[in-house]
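A.B. asks: 3D, please:
(4 chains)
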Number of protein chains: 2
Amino acid sequence: MPLKNTGTEQLIKDTAKRLLFAEGKLHATTQEIADAAGVNRTALHYYFRSRDLLIAAIFQDAMQDLSRRLAECMTADLPFKAKTENIIAVFLKDMMAFPYQETFLVTEINTLGKQLINNIESGPVKSYLKEAADEMKKGTIEQMNPVHFLMNLFSLLSYPLIMAPLYQKLFQLSDKNFKALIAERGQLIIGLLFREQ
Amino acid sequence: MPLKNTGTEQLIKDTAKRLLFAEGKLHATTQEIADAAGVNRTALHYYFRSRDLLIAAIFQDAMQDLSRRLAECMTADLPFKAKTENIIAVFLKDMMAFPYQETFLVTEINTLGKQLINNIESGPVKSYLKEAADEMKKGTIEQMNPVHFLMNLFSLLSYPLIMAPLYQKLFQLSDKNFKALIAERGQLIIGLLFREQ
DNA sequence: TTTTAATTTGACAATTTTGTCTAACAAAAA
DNA sequence: TTTTTGTTAGACAAAATTGTCAAATTAAAA
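C.D. replies: Numbers count the residues shown, from 1 in each chain, chains lettered A, B, ... in the order given. This is a model prediction of the structure:
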């Protein structure tokens, strides 16, 4: 008999991702996840066997998603600056929806060990770094280790969103004003990373 | 009778901070903390009553430490660029020792609520932002909302260290090479934030 | 409709984690 | 030395969290 595919398995995973990646509740229990999904906690065991396996599935999904996004963005058939603008658009959007995804990944790696990372493809990143090096020779971007360039890019994109709860208070910004600031950052980052044309 | 002050209370807190802030094990249990400190788990209850209170104490300490560092750095009696260089030195050193301190703060805020932040002093930051605005008028730094300038600064400083476990793999860097890269970032950040002299 | 199998659920069990209590221990004071 | 009190540790209890099982439900297949 084929699966009925009621969507519950996906619902559980999506709900867990919302709690973990969007709301940043990294200690979420199976009960909290089940409640948020509106299903009995047993369903979680039916589909994933155990909490650890659910977390492992979410971890793998997130790693694969990150790998896929990197591969798509880094190897897009675009000139370097346009490619970088696309990276910013894609990652900024993703960070706004799921600011704590990378934090979750790192926390899991820190608690379970680095062997969790087995399948992250570094090829696409390598080729982007090579392009960045070429741009530096051309003089369109500052001379530096290309790894710095990429770390700068991701830092400027991601960190403000990860630290939003702290920074909103520190800078005394309303939700609305903070969002407006974040929306400005795409352009601003381009301006910082590329020399004035 | 005076306290014997065996240092155990401080030892427990320091050990917990090491696990949480340095090793990034945000799910550390009381047993793990006690074991790492080499004390009986009961000692933890003797000094802090409960796990929640220990976490609360650590949270308050971290917030106060952050506040203090901000106040000291932001109001130092130095010209703007030197002040910024000092901020970089101070925060880079701290991030190298405790990369997950801010992550811990944000995670706690996300799980327990924003009312956790009651006593962060925004005055010193405000005055630094004002100075940054003045520099923009003078033209030594790019024109932008000063909040962006400060978010850029902290992002460039902090994010690479927080994401080290991921980035080392993604960039295929040994511990040694990664450390060397991080050590370069102070200068690099200054170069990015300040116009060529 | 009846059958069949996937799904969902509630009750219960096991495990993990946290918290308490009492006694042992250690060091300063009497 | 004896007393006193802060500290530490082991045994036990409670609570929270996770895991299991069997029955009920649902929807597709026969």
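
A.B. asks: quick one: name the residues of chain A near DNA strand D.
C.D. replies: Contacts of chain A with DNA strand D, taken as Cβ under 7 Å from any atom of the strand, map to A:1-2, A:4, A:29-31, A:41-42, A:45, A:49-52. All C-beta atoms are positioned from the backbone trio N, CA, C, and that covers glycine.

A.B. asks: of those, buried ones?
C.D. replies: Buried by 16 or more other Cβ atoms under 10 Å in any protein chain shown: A:30, A:41, out of these.

A.B. asks: lowest pLDDT pick from the residues of chain A next to DNA strand D?
C.D. replies: Across those, the member with the lowest pLDDT is A:Met1, scoring 49.

A.B. asks: tell me the buried residues in stretch A:136-154?
C.D. replies: For stretch A:136-154, burial by neighbour count (16+ other Cβ under 10 Å) applies to A:136, A:141-142, A:144-154.

A.B. asks: just the residues you listed that are near chain B?
C.D. replies: Applying Cβ under 8 Å from any Cβ of the partner chain, the subset of the buried residues of stretch A:136-154 adjacent to chain B comprises A:142, A:144-145, A:147-148, A:150-152, A:154.

A.B. asks: how near is A:Pro79 to DNA strand D?
C.D. replies: A:Pro79 is 48 Å from DNA strand D, where distance means Cβ to the nearest atom of the strand, to the nearest Å.

A.B. asks: phi, psi of that residue?
C.D. replies: phi -60, psi 160 (degrees, to the nearest 10).

A.B. asks: pLDDT value on it, please?
C.D. replies: Note for A:Pro79: predicted pLDDT of 97.

A.B. asks: residues contacting it?
C.D. replies: By Cβ atoms under 8 Å, 6 or more residues apart in numbering or on different chains, no residues touch A:Pro79.

A.B. asks: any idea how far it is from A:Thr140?
C.D. replies: Applying Cβ to Cβ, to the nearest Å, the value for A:Pro79 to A:Thr140 is 10 Å.

A.B. asks: how about JSON lines for the residues of chain A next to DNA strand D, with secondary structure added?
C.D. replies: Formatted as JSON lines, the residues of chain A next to DNA strand D follow (DSSP: H, G, I helix; E, B strand; the rest coil):
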{"residue": "A:Met1", "secondary structure": "coil"}
{"residue": "A:Pro2", "secondary structure": "coil"}
{"residue": "A:Lys4", "secondary structure": "coil"}
{"residue": "A:Thr29", "secondary structure": "coil"}
{"residue": "A:Thr30", "secondary structure": "helix"}
{"residue": "A:Gln31", "secondary structure": "helix"}
{"residue": "A:Arg41", "secondary structure": "helix"}
{"residue": "A:Thr42", "secondary structure": "helix"}
{"residue": "A:His45", "secondary structure": "helix"}
{"residue": "A:Arg49", "secondary structure": "coil"}
{"residue": "A:Ser50", "secondary structure": "coil"}
{"residue": "A:Arg51", "secondary structure": "helix"}
{"residue": "A:Asp52", "secondary structure": "helix"}
